[in-house]
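Novice: I would like the atomic coordinates for the input below:
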Amino acid sequence: MKAAVVVANEDVRYQDVDEVSAGPGEVKVKVKMSGICGSDIPRVLHNGVHFYPIVLGHEFSGDVVEVGEGVERVKVGDRVSGAPLVPCMKCADCQKGNYSLCKHYTFIGSRIQGSNADYVVIPESNAVVFDPSIPYEQGAMFEPSTVALHGVLCNDYAGGEYVAVLGGGTIGMFTMQWAKIFGSKKVVVFDISDERLELAKRLGADAVVNTLKDNYLEEAKALTGGAGYGYVFETAGQPVTMQMAFELAGNKAHVCFIGTPHVDLSFTPQMWENMNRKEFKLTGSWMSYSAPFPGKEWELTAHYFKTGQLKFDPGFIYKKMPMSKAQEAFQLFKTPGLVQGKILLYNE
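Specialist: Predicted structure coming up:
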């Protein structure tokens, strides 16, 4: 079969590899769409893989073409997405259902071969069947949707409050939609791109704020009548938005950092006093799993994708490129600010 193989730093080659087959408890998926995740970029461009050669890809959709011995829930012909985490199921965290916190996990498309290929083999438990009415492009968006929902759940979310979503990327757009589905008073999306903010409005944001404006804080607080936001979700992983979260939070708010920073982060004493004086709760969120594995995050995404309440928009996608052009696709990320949205690799 063909695969986009990372053979060295910045070197992705579309080449022949041994075709995979489904073993006991596994299913073989013919990959239709495989998304490039933000975590894949340093793997390719900054020598960030665990080993060479490696086939990346963990946000994917396709059709089941083979099932191994003992597989009962999934059948040939099912349209599936794949949950990429493979937890050990034995450690204390796994026994409590906290699979995201497993220290002995492996990961499809990072530690074992992934979906940037004609076929990928995954455990049956990791195959998430979705309705045939859902296009493969949307099916490849399961993972970012579940990451967003996991953050909402980690933040002890309840409806009826003002919600701020910092960052208008894919995960931010899904976070906004989950907050709406579960009953917010008003959801406001913050970003520096008017194009992304327009997308947020199309997807149902009640208001948007461009944080490049000099008076954006005043505008943001006015939307809550000056009270601040009861729930704040940081999804960009940027120091400026992480500090912004402290400013936007209201008294007794819940703040969740879903985004992952890649540079040092510091707060002035005055910024930190925001947390003390407001007595808000700050939590992190990691991956997207709960019990029973892979969790309600994946089950609810499949449900709300099917009903149409969790919306998909062409604006999510920056470009669709053939798998054979994976090298060119990753090179696009070397130009800062060029890629706005998801790059999907497809098999011809």
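Novice: drop to CA atoms for contacts and neighbour counts, all remaining ones
Specialist: Fine.
Novice: Return the set of buried residues in stretch 213-232.
Specialist: E219, A220, K221, L223, T224, G228, Y229, G230, Y231, V232 (16 or more other CA atoms under 10 Å).
Novice: and the gap between the closest residue in space to the fifth one that isn't next to it in sequence and T146?
Specialist: In other words, T224. In space, T224 comes closest to Y162 once its chain neighbours are excluded; the distance is 6.7 Å by CA to CA, 6 or more residues apart in numbering. Noted for Y162: a distance of 22 Å to T146, by CA to CA, to the nearest Å.
Novice: These two: who's more crowded?
Specialist: Between Y162 and T146, counted using other CA atoms under 10 Å, the more crowded position is T146 (28 against 22).
Novice: where do the strands sit along the stretch 101-250 of the chain?
Specialist: Listed in chain order, the strands of the stretch 101-250 of the chain (DSSP state E, counting those that start in this stretch) span 106-107, 119-123, 127-129, 162-166, 186-191, 207-210, 229-234, 249-257.
Novice: picking up where we left off before, output the buried residues of stretch 213-232 as CSV; include the columns pLDDT and distance to G204.
Specialist: As requested, those are arranged in CSV below (pLDDT from 0 to 100; distance: CA to CA, whole Å):
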residue, pLDDT, distance to G204
E219, 97, 19
A220, 98, 17
K221, 96, 20
L223, 98, 16
T224, 98, 18
G228, 97, 21
Y229, 98, 18
G230, 98, 19
Y231, 98, 17
V232, 98, 17
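Novice: Spatially nearest residue to Q113 (excluding sequence neighbours)?
Specialist: Q113 sits nearest to V55 (CA to CA, 6+ apart), 5.0 Å away.
Novice: bridging residues for the one you found?
Specialist: V5 (DSSP bridges).
Novice: I'd say it and R111 touch.
Specialist: No - if you go by CA atoms under 8 Å, V55 and R111 don't touch, sitting 9.3 Å apart.
Novice: what about the nearest residue to D40 once chain neighbours are set aside, how many neighbours?
Specialist: Closest residue to D40 apart from its sequence neighbours, by CA to CA, 6+ apart: L56 at 7.3 Å. Using other CA under 10 Å, L56 is surrounded by 29 other residues.
Novice: follow-up on the earlier one: may I see the buried residues of stretch 213-232 organised as TSV, with distance to T283 added?
Specialist: Conversion of the buried residues of stretch 213-232 to TSV gives the following (distance: CA to CA, whole Å):
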residue	distance to T283
E219	26
A220	22
K221	22
L223	24
T224	22
G228	18
Y229	16
G230	14
Y231	11
V232	11
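Novice: Nice, that's everything, thank you.
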